[in-house]
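Trainee: Sequence first, predicted model second:
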Amino acid sequence: MAAATLTSKRFTAQDEADAIEQAFAKGWSDGLPVVPPTEARVRAMLDAARLEPGHQVAFIRDRAVAVTAEKVAINAVMAGCRPEYMPVVVAAVEAIGDPRWSYHGPGTSTGGAGVLMIVNGPVARELDINGSDNLFGPGWRANLTIGRAVRLVMRNVCGSLPGLLDRGTLGHPGKLSYVIAENEAESPWTPLHVERGLRPEQSAVTVIASDAPHQFYNQLSPDAEGILTTLADDMRISGTVMGQSTYVVVLAGEHMRTIAASGWDKKRIRQFLFEKTHNSYAHLKRTHRMSGEIASGDEQKMRPLVASPDDILVVAAGGRAGAFSCYIPGWGSAKSSQAVTKEVKR
Amino acid sequence: MIEILDPTTEAAAAQSIAWAPRPTALQGKRVALIQNTKFNSDQLLRRIGDILKAEYGVAEWKMYDKHNASVPAHAEIIEEIKKSADVMVAGIGD
C-alpha cells in the first residue's frame, strides 16, 4: 500500500538536529521540537491507516482547503505519533472538517477554543490512551501526540496560525493537546460513543471546541445529589454564560462511584444539571452579562445555561482517588459549533 | 543528509484567486454592510455607512445580518449583495 508518490515539497537537512531547527525556522512547529518528517516515517503513518496519500480526509469549506492523508501523516510524524495512532488522528481531522463542527468559528475565534477529543472503544485501550490518573496530562504519549497532530494540521494545513487566522485572545494549554479516553473499564454508565449512536465494540473520537477544564471539589457528600449540587453551583456562571454552549462533565473515580451508588445514570445527571444551572435575568443583567435594565419579573424569569440537557456530555474519566471532577464549557454556542463523533476506522 | 517533507498546504500551480475589481472611487457607489450580529456591531457599521455617505459620496448603504457571529455570510445575502451593491464592508463587533 501507499506506493503512490508523495507530492509534498522536499527540503534537505544535514541531520536530524538540523531538520528540527529548520522546522522551527519555517514556522511548522507549535513551539516544541518536532520529529523530522522523512518519507519512511510518513509512509509508515499512511500504511497504518491504510490510506493513499491523495485521499481527502477533510475539506475545510470556509478556507477552501482539502486536507489530504499525506499532509495529516506528515503532521502526525512531526507531533511524535506512533503509526498506530494515525487512524485516531484521521478520525479527529474528519470530525473538525464536518460542517456541524463549523471550523470557521473555533479555528479562528478570539474565544480561544481547544479541540477536546474524547476517545472511546477498544482503540483507547489498545493504544494506551489515558482515561485515569492525571487525565489531562502529562505522562501519556498517545494523549499528548494525537492532539498535537490535530493542532499541527490546523496550523500547517488549515491556516490557523496563532496571531494570524487563530486569533485566540488567551488560548489555553489544551490547545497544544487535549485528548482523553473515557474510563470504560470502571465506568458504570453507557459510554459516550454508544450514547451518540455507535456500538460498544466500535472505536470513536468525539471532538468538542472547548475552554479549559474547571476542577471542582466535594469531599462531603455521600450521594449524587450533593456532589452534583456543588457541580451545578460551580457551572452556573461559566463559559460565555449567555452563549448556551455544549458542556462536558468529567466525573472521576470517587465521584463516579458515589453518583452511581445513588442509582443515577447519565441521563438523570444531565437533567439535574440542566435544571440546577439556570440564572435569573435579574442576576445576568446585574452582573452585566445580559444587556438592558432590570425589568419587573426579572428576578423570577430564568434562563438555562444550556439550551437542552443533551448539550451536557457526561464522561467517566480521571483518577480513582480524590474528590475532584471537572466541567468543560464549550466554545461559543452549541448552535455555532456542535460536538461531532466519528468512528475510528482501522 | 536527510530529506524532510513540507507539512503545509501548497497551492496548486494553476490555482489563483479571482479578485473582484476594486473601484477607484466611492462616489455614487452602493454599499453593503455585513454585520455579524454581535452587540453594537450594527451601531459601528451604521456609523461607517454614514461616514461613507457624508465624506465619500456613496449613494446608499444597506445592512445585512449574518445568521450568527461564528458562521460565514450565508448564500442568500451574498447573492443579494452581488445584485444590489458595488462594494461591501464586513466587520466584527467584539
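Mentor: Yep, that arrived. Residues are numbered from 1 along each chain as shown, chains lettered A, B, ... in the order given.

Trainee: Report the central residue of chain A.
Mentor: Nearest to the mean C-alpha position of chain A, by Cα atoms, centre = their mean, lies A:Leu116 at 0.9 Å.

Trainee: Around chain A, pick out the residues from chain B.
Mentor: B:1-10, B:39, B:68-72, B:94 (Cβ under 8 Å from any Cβ of the partner chain). For glycine as for every other residue, the C-beta is placed from the backbone atoms N, C-alpha and C.

Trainee: now those: which count as buried?
Mentor: Neighbour counting with 16 or more other Cβ atoms under 10 Å in any protein chain shown marks B:Ile4, B:Leu5, B:Asp6, B:Pro7, B:Thr8, B:Thr9, B:Ala69, B:Ser70, B:Val71 as buried within the residues of chain B next to chain A.

Trainee: Find the closest residue to chain A in chain B.
Mentor: Nearest residue of chain B to chain A (Cβ to the nearest Cβ) works out as B:Ser70 at 3.4 Å.

Trainee: residues in contact with that residue?
Mentor: Neighbour list for B:Ser70: A:Ser102, A:His104, A:Gly105, A:Pro106, A:Ser109, A:Gly332, A:Ser333, A:Ser336, A:Ser337 [criterion: Cβ atoms under 8 Å, 6 or more residues apart in numbering or on different chains].

Trainee: Now do the buried residues in the helix or strand of chain B with the lowest mean pLDDT.
Mentor: Between all helices and strands in chain B, the lowest mean by mean pLDDT, DSSP states H and E belongs to strand B:87-91, at a mean of 86. The neighbour-count check on strand B:87-91 (16+ other Cβ under 10 Å) flags B:Val87, B:Met88, B:Val89 as buried.

Trainee: which helices and strands does that strand pack with?
Mentor: strand B:30-35, helix B:41-56 (3 or more Cβ pairs under 8 Å, 6 or more residues apart in numbering or on different chains; DSSP states H and E).

Trainee: That one vs strand B:30-35, what angle?
Mentor: Interaxial angle of strand B:87-91 relative to strand B:30-35 (axes from the mean of the first three to the mean of the last three Cα atoms, to 10 degrees): 20 degrees.

Trainee: Next, the angle helix B:41-56 makes with strand B:87-91.
Mentor: On the basis of the same axes, to 10 degrees, strand B:87-91 is oriented at 140 degrees to helix B:41-56.

Trainee: How about the contacts made by the closest residue to A:Ala224 other than its chain neighbours?
Mentor: Using Cβ to Cβ, 6 or more residues apart in numbering or on different chains and skipping residues adjacent in sequence, the residue nearest A:Ala224 is A:Ser262, 3.7 Å away. Taking Cβ under 8 Å, 6+ apart, we find A:Ser262 in contact with A:Asp223, A:Ala224, A:Glu225.

Trainee: Also B:Glu80?
Mentor: Counting by Cβ under 8 Å, 6+ apart, B:Glu80 touches B:Tyr64.

Trainee: hang on, it is in a helix, isn't it?
Mentor: Yes. Counting by DSSP: H, G, I helix; E, B strand; the rest coil, B:Glu80 falls inside a helix.

Trainee: roughly how far apart are it and B:Val71?
Mentor: From B:Glu80 across to B:Val71, the span is 17 Å (Cβ to Cβ, to the nearest Å).

Trainee: cool, A:Ala3 as well?
Mentor: As judged by Cβ to Cβ, A:Ala3 and B:Val71 stand 41 Å apart.

Trainee: quick one: low-confidence parts of chain B?
Mentor: Residues of chain B meeting the criterion pLDDT under 70: B:11-17, B:92-94.

Trainee: correct me, but A:Gly239 touches A:Ser333?
Mentor: No. Counting by Cβ atoms under 8 Å, A:Gly239 stays clear of A:Ser333, with 9.5 Å between them.

Trainee: still on that earlier bit, quick one, which of the contacts of A:Ser262 are buried?
Mentor: Buried members of the contacts of A:Ser262, counted by 16+ other Cβ under 10 Å: A:Ala224.

Trainee: any idea which of the contacts of A:Ser262 is closest to chain B?
Mentor: Taking Cβ to the nearest Cβ as the measure, chain B sits nearest to A:Ala224 out of those, at 34.7 Å.

Trainee: Output the buried residues of strand B:87-91 as TSV; include the columns distance to A:Arg43.
Mentor: Listed next are the buried residues of strand B:87-91 as TSV, based on distance: Cβ to Cβ, whole Å:
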residue	distance to A:Arg43
B:Val87	50
B:Met88	47
B:Val89	48
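
Trainee: Check which helix or strand A:Met256 maps to.
Mentor: Using DSSP states H and E, A:Met256 maps to helix A:253-261.

Trainee: Which elements pack onto that helix?
Mentor: Checking 3+ Cβ pairs under 8 Å, 6+ apart, helix A:253-261 ends up next to helix A:224-235, strand A:324-329.

Trainee: got a list of contacts for it?
Mentor: By Cβ under 8 Å, 6+ apart, helix A:253-261 touches A:132, A:183, A:186-189, A:218, A:221-224, A:227-228, A:251, A:269, A:316, A:318-325.

Trainee: please redo it, this time with the cut-off set to 6 Å
Mentor: Helix A:253-261 has contacts (Cβ atoms under 6 Å, 6 or more residues apart in numbering or on different chains) with A:Pro188, A:Ala224, A:Ile227, A:Ala316, A:Gly319, A:Arg320, A:Ala323, A:Ser325.

Trainee: again with stretch B:38-49
Mentor: Stretch B:38-49 is contacted from outside by B:Leu33, B:Gln35, B:Trp61, B:Ala69, B:Val89, B:Gly91, B:Gly93, using Cβ under 6 Å, 6+ apart.

Trainee: how about the second one, what does it touch?
Mentor: If I follow you right, that is B:Gln35. Residues in contact with B:Gln35 (Cβ under 6 Å, 6+ apart) are B:Ser41, B:Asp42, B:Leu45, B:Met63, B:Asp65.
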